[in-house]
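Q: would you be able to build a 3D model of this:
(one chain, ligands or ions: 1)
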Amino acid sequence: MSDKVVCITGCGRGLGRALWGEFLRQGWRVAGCVRDPAVGRQLADEAAATTGPDAQGAGRALAVVADVTDEAAVARFAREVVAWGGAPDLLLNNAAVITANAPLWQVPADDFNRLTAVNINGVAAVLRHFLPPMIERGRGVVVNFSSGWGRSVSPEVAPYCASKWAIEGMTRALAEELPPGLAAVPLNPGVIDTDMLRSCFGDAAGGHPDAATWARRAVPQLAALGPADTGRPATIS
Ligand SMILES: NC(=O)c1ccc[n+]([C@@H]2O[C@H](COP(=O)([O-])OP(=O)(O)OC[C@H]3O[C@@H](n4cnc5c(N)ncnc54)[C@H](OP(=O)(O)O)[C@@H]3O)[C@@H](O)[C@H]2O)c1
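A: Numbers count the residues shown, from 1 in each chain. So this is what the prediction gives:
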């Protein structure tokens, strides 16, 4: 068991959910946000089952209800996490959405605006509230989830590409601002069979690894990130 704390946005499904379980299994204390309170209760129950009643049980995990587009909710999320476990050692900005496949000019304005609100503004909101305590503590790694589509493009996913190229730029600029001891890393997680991948690949998503398999590989690579990695685009191999 370690006293290290990882904080993950968007733990209800997909990669966030798999990381929640795998970090717990690998001995970390895990905090995260979900949008649905019922999912938060499920995560707490899973955490108690993973760590066992004599290993502080759910005390090793904290699920907070917060939507990353809600500034007040993100502020409360950060306060609750820091009160529970201190400033996180590792902050994973994982939560994101994708629009239905379509050429850019056919994407409804509301869908485009919602995507940028979650994928860009939501990440900035989380950083606004978590970085001050991390900077005060003098260490910690921020990993902002990018994509292969943050470094290349494909048709029909232009809003998503725009948001992930923004994440790459924002993270690399942030890396130049952070004091020594902290790191900001844009991460391409690879290609994993989740609801998001099904949205763009359809059934072909099934040819890619599932999230649990991916998380077993990803957690040691995420845990190994440190100040020397700041500003360097990373990829889960
Ligand atoms: N899967 C891939 O192959 C792939 C490839 C490249 C990059 N990525 C990136 O990896 C990350 C995870 O993707 P995924 O495939 O796991 O996606 P996913 O299965 O669609 O899961 C997305 C997660 O984000 C949460 N979320 C969405 N909007 C939110 C909001 N406003 N506030 C808080 N949480 C919110 C969702 O919560 P709800 O359940 O409440 O909706 C869900 O838990 C994303 O950043 C994605 O861009 C994935």
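
Q: so A183 lies in a strand, does it not?
A: Yes - according to DSSP: H, G, I helix; E, B strand; the rest coil, A183 belongs to a strand.

Q: tell me the pLDDT at the nearest residue in space to it that is not next to it in sequence?
A: Leaving aside its sequence neighbours, A183 sits nearest to T230 (C-beta to C-beta, 6 or more residues apart in numbering; 3.7 Å). C-beta here means a position set from N, CA and C on the backbone, and glycine is covered the same way. Note on T230: pLDDT of 98.

Q: likewise the one 5 residues further on?
A: T235 is assigned 98 on the pLDDT scale.

Q: run through the bridge partners of it.
A: Beta-bridge pairing for T235 (DSSP bridges): N188.

Q: heads up, I number from 314, so please use that
A: Shifting the count to begin at 314 puts that one at T548.

Q: ok, now how distant is it from G539?
A: Taking C-beta to C-beta, to the nearest Å as the measure, T548 falls 17 Å from G539.

Q: what do you get for A479?
A: With C-beta to C-beta as the criterion, A479 and G539 are 25 Å apart.

Q: between these two, who's got more neighbours?
A: Counted by other C-beta atoms under 10 Å, A479 and G539 do not tie: A479 has more neighbours, with 19 against 13.

Q: wait, a helix at the more buried one?
A: Yes - judged by three-state DSSP, A479 forms part of a helix.

Q: nearest spatial neighbour of it, chain-adjacent residues omitted?
A: Leaving aside its sequence neighbours, A479 sits nearest to I433 (C-beta to C-beta, 6+ apart; 4.9 Å).

Q: show the pLDDT at the one you found.
A: I433 is assigned 99 on the pLDDT scale.

Q: swap in G365?
A: On pLDDT, G365 comes in at 68.

Q: do G370 as well
A: For G370, the predicted pLDDT is 51.

Q: what's the weakest-modelled helix or strand in the protein?
A: Sorting the helices and strands of the chain by mean pLDDT, DSSP states H and E puts helix 350-364 at the bottom, at a mean of 91.

Q: which strands border the very next helix or strand once past that helix, and is each parallel or antiparallel?
A: Using DSSP states H and E, the helix or strand that follows helix 350-364 in sequence is strand 374-378. According to DSSP bridges, strand 374-378 has the following sheet partners: strand 342-347 (parallel).
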